[in-house]
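**Student:** Have a look at this prediction, sequence included:
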Amino acid sequence: MTGTAAMLAIQWRAQRRRLLVWVLATVGTLAFTAIAVAQLYNTPEEIASYGQAVVSDALVAINGHVEGIDTLGGIIQDEFGFIASFLMPLVGLALVAGMTRGEEESGRLEALLAGRIDRRSPVVSAMLLVVAAVVVMDVGFVLALLAAGIELGPAVLYAQALGMVTVVFAALAAVCAQVVLHSRGVYALGFAALGLSYVLRGVGDVNETFWVWLSPLGWLEKTAPFADEQRWWVLLIPMAVATGLTFLAVGLTRRRDLGAALYRQGPGEPAASAWLVRPIGLALHGQLGSFLGWLVGSVALAAVMGALAQEVVGAILGNPSVSEAMGITRHDAADGFLASTQVYLAVIACGYVVQALGSLRREEAAGRLEPVLAGASGRMRWLGAQVLVVGTGLVVIVVLSAVVFGATTSLSTGDSGYVGTLLVSGLAYLPAELVMAAVAVLLYGIVPRAFGLAWAAFAAVTFIGLLGAALQLPDWVLNLSPLTHVGNPPVDDIDTTALARLGLLSALLASAAFAGFRHRRIPQG
Amino acid sequence: MSDDIVRIEGLVKQFGRFRALDGLDLDVRRGEVHGFLGPNGAGKSTTIRILLGLMRLDGGRITLFDRDPWSEGTRLRGDVAYVPGDVSLWAGLTGGECMDILAGVHGGMNPGRRAELIDRFDLDPTKRARDYSKGNRQKVALVAALASEVGLIVLDEPTSGLDPLMEQVFQDVIRERRQQGATVLLSSHILSEVEALADRVSIIRRGKTVTSGTLADLRRHTRTSVHALTGSAVASLDMVAGLEGLRTGQVDGSVETRFTVGPDELGQAMGLIHAAGIRGLTVEPPSLDELFLRNYSEDETGAVSA
């Protein structure tokens, strides 16, 4: 294909930093998890005890059904399971969405395709770069697993199975990029597919049906890298699917115009409504689409987890020696599970605020902020409207998710008390989420170019929230995350003085952000 | 190979229910600068995108170097350089790097000419693209296109961000490139630019070619404005066919007469003025602006054809 080599060179130059960040982030997360697990479970007895403690349908639904859970590798796979389910697909989606539809949207692809570059080349070279990144990632995974004491064979199989998840979602994104007009549409379709894969795998694992085989995440666990009988051949499935999807995407590029999509919106309003011309209306308009995406994701997770609550209670009470030893009664059997779910929901809420506030930087870089601020709309009023809209969105996501979580938990356990308890615990995370939002606004208000640090902070909060307790990280590390200070409701009591401190901190950071934004140069790309 | 670098006949492009191109004709001959004029939304960029194989056509015929740009475009476009209307660069790369990437997908740049043009366009190639103004982004794309060793240079409203000084440099460079044998398709709505550069012009409106030809051809179909001061009133002017905008008055004891007239009746009108005793006379040839406006005025569509 003419120009694929040239396209590869161009994409490499423009994207190498992103590729590097993703590779480092994924390898770092797995390496950290694997080594921490290896240190915690360093005797055969401890490894065996892990297997007995975690075998419940709810945990199988969340982390996946791990074959060979009585090995060190199995524990790593189980602990890494939940994060991997989202991280690995995200890498593929983000890289391909940016390199294909993102470049096309920006207009850069037009200038390139007007030269000696075949119109199929951008998709092909994007996929080649993703595969190359995955190979590097796999090498990093293998080294990390070897360092944790895993044997070479299982390490290679697990690394490849993880990498294949990225490749499949990358190929899926390549197809979506031909179907919709904007890269955010690619993300939306990709996340919908991810949610479906997760649910299919979860339901399939719990009911032990073939549904697992319909999910790319299911293929990952069906390779069974740490079981007695490994299934190397399962890797052929994601390879075939990714190849098929890539061919489909390449075929679609030959059938469409540049800048066009198979799906197009119809005509819109001829004039702005009275609402849209106000700062708050414009802010709302810009944020609505992604807000709905986060809301759906959060509520769906809450509903699924709530529905699983009874399974957890059953599993824990079904093992009287454990439950009696720990003093667990029917009433609080589900609390640990519910508390971890609250942390997951809080992580989603943090992701929403960082993403939503990051869109302000894109507005500015795209030059849309200047004309707005050059008019009668003052800086403070504009930023105030944006922050108000994001803050309201956060409250809506938190409240609705908590209500749905409480309702489904009550239905599955038959205990209506959960509605109130879970609403209160959901709301208790709000001050911590506001700190995350304030950090993001502060970065935007003072050094917009460093907004990537907000994502780094989010990644740290996610890692600490999802794995901090399981890996028994030191307290000072756990305390870096605002979520830690809430007090882990409903297992432990909410620390109200800590909430007040978090609220105060977010107010201080936000004031600094507004003060900084008032004085800084606009625009900054 | 024929002398037509680009040949377009009856080109049709439909976007949903909107007909962007509705039977457009255009031909660009080897070695000429061809002005492609039209108001916003007339279909200039769409035509260029089809010509460059970025979009498919829904009807009509189009050839680039006698070949089909959609199916064979990749090879053909090695001999084409293009500056899109909206230049977007890689924010993290320098202007010099962006320029090399853009030119690299065409024929590659002549290094001497690259350095010369960077100098003449007063561009700093070490700045990051995100720090460039619109005009400087455009200069990056212009240097990449104009320093390329190609047979056809396609420019889509290339000077919208340039100041008058740079506009002058741009015009000089285009003339030099033509002397070196390059063919240029220059899409624009800036008449003075086209007037200064173009050998032939095609004017389009609502996806159709309204008129096409050399500037002299096109002027033949437009009107000359006359402003005369005479000793006595000019007689029988109302007998001249197609004379328009007649206004008379008195200035310092002379009779002032103004009107516009088509090329065929100009001599007759001059005779009448001469007979009335000329004291002062201004005759303005039709400007391209008039040509342009005339071809756009709704009711006269199709009245003029080359």
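**Tutor:** Received it, and whenever you're ready, just let me know what you need.

**Student:** who's in contact with the closest residue to residue B:157 other than its chain neighbours?
**Tutor:** For residue B:157, ignoring the flanking residues on the chain, the nearest one in space by Cβ to Cβ, 6 or more residues apart in numbering or on different chains is residue B:85 at 4.7 Å. (Glycine included, C-beta is placed from N, CA and C.) By Cβ atoms under 8 Å, 6 or more residues apart in numbering or on different chains, the contact list for residue B:85 reads B:45, B:156-157, B:160, B:187.

**Student:** Give me the buried subset of the residues you listed.
**Tutor:** B:45, B:156-157, B:187 (16 or more other Cβ atoms under 10 Å in any protein chain shown).

**Student:** Reduced to three states, what does residue A:116 come out as?
**Tutor:** coil (DSSP: H, G, I helix; E, B strand; the rest coil).

**Student:** is it true that it touches residue B:105?
**Tutor:** Yes - judged on Cβ atoms under 8 Å, residue A:116 makes contact with residue B:105 at a distance of 5.6 Å.

**Student:** so what sits against both of those two?
**Tutor:** Residues touching both residue A:116 and residue B:105 (Cβ under 8 Å, 6+ apart): A:3, A:6.

**Student:** quick one, phi/psi of residue B:62?
**Tutor:** The phi and psi torsions at residue B:62 (degrees, to the nearest 10) take the values phi -140, psi 130.

**Student:** Near it, how many other residues are there?
**Tutor:** Neighbourhood size, residue B:62 [other Cβ atoms under 10 Å in any protein chain shown]: 21.

**Student:** Verify the contact between it and residue B:69 for me.
**Tutor:** Yes - applying Cβ under 8 Å, one finds residue B:62 in contact with residue B:69, separated by 6.4 Å.

**Student:** shared neighbours, the two?
**Tutor:** Common neighbours of residue B:62 and residue B:69 (Cβ under 8 Å, 6+ apart) are B:50-51.

**Student:** re the thing from before, would you mind giving the buried ones among the contacts of residue B:85 as a markdown table with secondary structure and pLDDT added?
**Tutor:** Listed next are these as a markdown table, based on DSSP: H, G, I helix; E, B strand; the rest coil; pLDDT from 0 to 100:
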| residue | secondary structure | pLDDT |
| --- | --- | --- |
| B:45 | helix | 92 |
| B:156 | strand | 92 |
| B:157 | coil | 90 |
| B:187 | strand | 94 |
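
**Student:** which of these sit farthest apart?
**Tutor:** B:45 and B:157 (8.2 Å; Cβ to Cβ).

**Student:** So for those two, which residues contact both of them?
**Tutor:** B:85, B:187.

**Student:** Check which helices and strands the helix or strand hosting residue A:295 is in contact with.
**Tutor:** Taking DSSP states H and E as the criterion, the element that holds residue A:295 is helix A:279-317. When contacts are defined as 3 or more Cβ pairs under 8 Å, 6 or more residues apart in numbering or on different chains; DSSP states H and E, helix A:279-317 packs onto helix A:57-63, helix A:183-207, helix A:320-325, helix A:335-365, helix A:379-413.

**Student:** can you do 10 Å?
**Tutor:** helix A:57-63, helix A:183-207, helix A:320-325, helix A:335-365, helix A:379-413, helix A:418-428 (3 or more Cβ pairs under 10 Å, 6 or more residues apart in numbering or on different chains; DSSP states H and E).

**Student:** Next, give phi and psi for the residue in chain B that chain A sits nearest to.
**Tutor:** As assessed by Cβ to the nearest Cβ, chain A sits closest to residue B:105 within chain B, at 2.8 Å. Residue B:105 adopts backbone torsions of phi -80, psi -10, taken as degrees, to the nearest 10.

**Student:** got a list of what it touches?
**Tutor:** A:3, A:6-7, A:10, A:111-117, A:121, B:77-78, B:81-82, B:144, B:148 (Cβ atoms under 10 Å, 6 or more residues apart in numbering or on different chains).

**Student:** which residue sits closest to it, ignoring its sequence neighbours?
**Tutor:** Per Cβ to Cβ, 6+ apart, closest to residue B:105 is residue A:115, 2.8 Å.

**Student:** how close does residue A:159 get to chain B?
**Tutor:** 30 Å (Cβ to the nearest Cβ, to the nearest Å).

**Student:** Same check on residue A:136?
**Tutor:** In this structure, residue A:136 and chain B are 21 Å apart, going by Cβ to the nearest Cβ.

**Student:** Tell me if stretch B:127-144 is near chain A.
**Tutor:** Yes - using Cβ under 10 Å from any Cβ of the partner chain, we find that stretch B:127-144 touches chain A at B:128-132, B:134, B:141, B:144.

**Student:** Can I get that stretch as PDB, trimmed to CA atoms?
**Tutor:** The C-alpha trace of stretch B:127-144 is given here as PDB (Å, rounded to 0.1, in the frame of the first residue of the first chain):
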ATOM      1  CA  LYS B 127       9.000  27.400  16.500                       C
ATOM      2  CA  ARG B 128       6.500  24.800  17.600                       C
ATOM      3  CA  ALA B 129       3.400  24.700  15.500                       C
ATOM      4  CA  ARG B 130       1.100  25.400  18.500                       C
ATOM      5  CA  ASP B 131       2.800  28.800  18.800                       C
ATOM      6  CA  TYR B 132       2.200  29.900  15.200                       C
ATOM      7  CA  SER B 133      -0.400  32.400  14.200                       C
ATOM      8  CA  LYS B 134      -2.900  31.500  11.400                       C
ATOM      9  CA  GLY B 135      -0.800  33.300   8.900                       C
ATOM     10  CA  ASN B 136       2.400  31.600   9.900                       C
ATOM     11  CA  ARG B 137       0.700  28.100   9.800                       C
ATOM     12  CA  GLN B 138      -0.400  29.000   6.300                       C
ATOM     13  CA  LYS B 139       3.200  30.000   5.400                       C
ATOM     14  CA  VAL B 140       4.400  26.600   6.500                       C
ATOM     15  CA  ALA B 141       2.000  24.900   4.200                       C
ATOM     16  CA  LEU B 142       2.800  27.400   1.400                       C
ATOM     17  CA  VAL B 143       6.600  26.800   1.600                       C
ATOM     18  CA  ALA B 144       6.000  23.000   1.600                       C
END
